[in-house]
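Undergrad: Show me the folded form of this:
(one chain, ligands or ions: 3)
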Amino acid sequence: MKKISLMGASGSIGIQTLDVIRQHPHAFSLVAFSVGKNLDVARSVIMEFKPALVSVQNKEDALILSSELPTGTKIMFGLEGLIAVATYDQAEVVVNAVLGSIGLEPTMKAIEAKKTIAIANKETLVTAGHLVMEAARKHAVNILPVDSEHSAIFQALQGEYKKNIERLVITASGGSFRDRTRAELKTVTVEDALKHPNWSMGAKITIDSASMMNKGLEVIEAHWLFALPYDQIDVLLHRESIIHSMIEFHDSSVMAQLGTPDMRVPIQYALTYPDRLPLKDATRLRLEDIGKLHFQSMDFDRFRCLGFAYEAGRIGGTMPTVLNAANESAVAAFLQGKISFLEIEDMIERAMHEHQLIQNPDLSTILEVDKETRHRVLSFKP
Ligand SMILES: NC(=O)C1=CN([C@@H]2O[C@H](COP(=O)(O)OP(=O)(O)OC[C@H]3O[C@@H](n4cnc5c(N)ncnc54)[C@H](OP(=O)(O)O)[C@@H]3O)[C@@H](O)[C@H]2O)C=CC1
Ligand SMILES: CC(=O)[C@@H](O)[C@H](O)COP(=O)(O)O
Ligand SMILES: [Mn+2]
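TA: Ligands and ions are numbered 1, 2, ... in the order given. From the prediction side, this is the model:
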């Protein structure tokens, strides 16, 4: 029985993680979890899984829930609560499905507590991949990818030597606006942007897919997870999201992982690795029904955010922190109707351009730059 702590239980990845746990009651048990503000999900997860520890974002919500808890369940809140969930002593695996760089400190503490980390929260790796991977090495902790592309690469790597890799090919669906010109992007709405062609996901990552920042973040995530330089990480437009990513080896052989788009597959693989379990209700891949798969090389003028991410990754130091914080801030502003879609990339470009780079940042420097960038980006818009 694997004991699991889940950060971000009320989100898209969180809900699917609960489904995986629910499907295998003899393999997994949920011992601790967090939500942000969604108390309805918190209540139903408490009733169903009877975990020992729950955390919510705000003190007021913790007070509300505290009067409803069954005996044996403790409630906490805020960053302290997230860290308590991430380091809960009974937990062996921590699924990090929280949104944004708020996931960084709990992840570092979970690594120090020697938990295996199943990581969906790509912003944590983008903002401080060097710290996360160094801590994981120091404490001999496995960081298992949940992001579909990185899980695909991880699966394709099984039984292979990393030294034989020529390059990684990360596939990109193109997002909601893949068939629109840049001129058409000037007037797109939040509602348009939230219509991803292949995946049902949280709002922020869906906007990132539309701007291609999601792929940019994934390039940086791959750099850290697989310890490869940026010139060995390519992106390929693949409309159907059936090939989740590929590895090309020096001998020209290519290993890919395929499947219908279903995040429960990579979530479950991270929880069962190196074993596998059946997954009820998963739609089987029938290539004979699909017929054709489509591929196109990336246009860096059309998708400017992808270029920003390669640039930030190559510069290193605090630049990926600035890229991520500026993007989180700008996407939130877009979702609130405060800026237009194309202003997201303008804000990121300006935040990076104005930043005074710091090399080899420690955790407190990362947290400071993250905070400063968010404030700075908000001041860009009169
Ligand atoms: N969705 C997907 O298919 C994929 C997602 N990912 C990555 O996984 C992560 C989660 O994505 P997704 O599930 O889509 O996001 P959602 O927005 O659906 O869920 C985010 C979760 O984080 C919680 N949360 C947000 N802010 C805070 C905070 N300040 N303190 C505590 N909890 C907080 C939310 O709580 P609440 O809602 O209760 O407020 C919710 O549980 C992201 O990093 C994303 O890039 C990667 C690959 C695929
Ligand atoms: C499901 C998943 O892993 C997402 O990150 C997905 O990759 C988004 O699709 P895009 O390829 O459109 O970014
Ligand atoms: Mn992905």
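Undergrad: what about the strands in the protein?
TA: 2-7, 28-34, 53-56, 74-77, 93-96, 116-119, 143-145, 165-172, 233-238, 243-249, 254-258, 295-297 (DSSP state E).
Undergrad: burial count for the residue nearest to Ile339 when sequence neighbours are not counted?
TA: Nearest non-adjacent residue to Ile339, counting by Cβ to Cβ, 6 or more residues apart in numbering: Ala333, 4.7 Å away. Any C-beta I mention is one placed from the backbone N, CA and C, and that applies to glycine too. Neighbourhood size, Ala333 [other Cβ atoms under 10 Å]: 19.
Undergrad: what about Ala333, distance to Ile315?
TA: From Ala333 across to Ile315, the span is 24 Å (Cβ to Cβ, to the nearest Å).
Undergrad: hmm, back to that, does the residue nearest to Ile339 touch Ser379 like I think?
TA: No: using Cβ atoms under 8 Å, Ala333 makes no contact with Ser379, being 11.5 Å away.
Undergrad: hmm, back to that, quick check: the gap between the residue nearest to Ile339 and Ala227.
TA: 34 Å.
Undergrad: Look up the closest residue to Ala113, ignoring the ones flanking it.
TA: Thr87 (4.3 Å).
Undergrad: what's the neighbour count on the one you found?
TA: For Thr87, using other Cβ under 10 Å, the count is 19.
Undergrad: near ligand 3, which residues of this protein show up?
TA: 147-149 (Cβ under 5 Å from the ion).
Undergrad: how about the residues you listed in JSON lines, adding distance to ligand 1 and neighbour count?
TA: Output for the residues of the chain next to ligand 3, formatted as JSON lines (distance: Cβ to the nearest ligand atom, whole Å; neighbours: other Cβ atoms under 10 Å):
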{"residue": "Asp147", "distance to ligand 1": "4", "neighbour count": "28"}
{"residue": "Ser148", "distance to ligand 1": "6", "neighbour count": "23"}
{"residue": "Glu149", "distance to ligand 1": "8", "neighbour count": "28"}
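Undergrad: Just give me the closest of the residues you listed to Leu217.
TA: The nearest member of those to Leu217, counting by Cβ to Cβ, is Asp147 at 9.0 Å.
Undergrad: how about the nearest residue to Asp301, chain neighbours excluded?
TA: Arg182 (7.9 Å).
Undergrad: Am I right that the one you found is in contact with Phe303?
TA: No: look at Arg182 against Phe303 with Cβ under 8 Å: they stay out of range, at 9.5 Å.
Undergrad: higher neighbour count, the two?
TA: Neighbour comparison, Arg182 and Phe303: the larger count goes to Phe303, with 26 against 13 (by other Cβ under 10 Å).
Undergrad: Run a quick neighbour tally on the residue nearest to the more buried one when sequence neighbours are not counted.
TA: Beyond its immediate neighbours in the sequence, the residue positioned closest to Phe303 (Cβ to Cβ, 6+ apart) is Met212, lying 3.6 Å away. Met212 has 28 neighbouring residues, counting by other Cβ under 10 Å.
Undergrad: quick one: contacts for Met212?
TA: 172, 175, 303-306 (Cβ atoms under 8 Å, 6 or more residues apart in numbering).
Undergrad: And the least confident helix or strand in the chain by mean pLDDT, what's buried?
TA: Least confident element among the helices and strands of the chain, by mean pLDDT, DSSP states H and E: helix 182-185 (a mean of 94). Going by neighbour count (16 or more other Cβ atoms under 10 Å), the buried part of helix 182-185 is Leu185.
Undergrad: so what secondary structure elements neighbour it?
TA: helix 341-354 (3 or more Cβ pairs under 8 Å, 6 or more residues apart in numbering; DSSP states H and E).
Undergrad: which outside residues touch the helix it packs on?
TA: 177, 182, 185-186, 188, 193, 207, 210-211, 213, 304-305, 308, 311-312, 319, 322-323, 325-327, 329-331, 333-334, 339, 373, 376-377, 380-381.
Undergrad: re earlier: neighbouring contacts of the least confident helix or strand of the chain?
TA: 177, 301-302, 341-342.
Undergrad: how distant is that helix from the center of its chain?
TA: Here the centre of helix 182-185 is set off from its chain's centre by 27 Å, with Cα atoms, centre = their mean, to the nearest Å.
Undergrad: now do stretch 63-74
TA: So, by Cα atoms, centre = their mean, the centroid of stretch 63-74 is 30 Å from its chain's centroid.
Undergrad: One more: stretch 65-82?
TA: On Cα atoms, centre = their mean, the centre of stretch 65-82 falls 25 Å from that of its chain.
Undergrad: list the buried ones in it?
TA: 65, 73, 75-77, 81-82.
Undergrad: Quick check: end-to-end length of it?
TA: 16 Å (Cα to Cα, to the nearest Å).
Undergrad: which residues touch Leu125?
TA: Leu125 touches 119, 132, 220-221, 224-225, counting by Cβ under 8 Å, 6+ apart.
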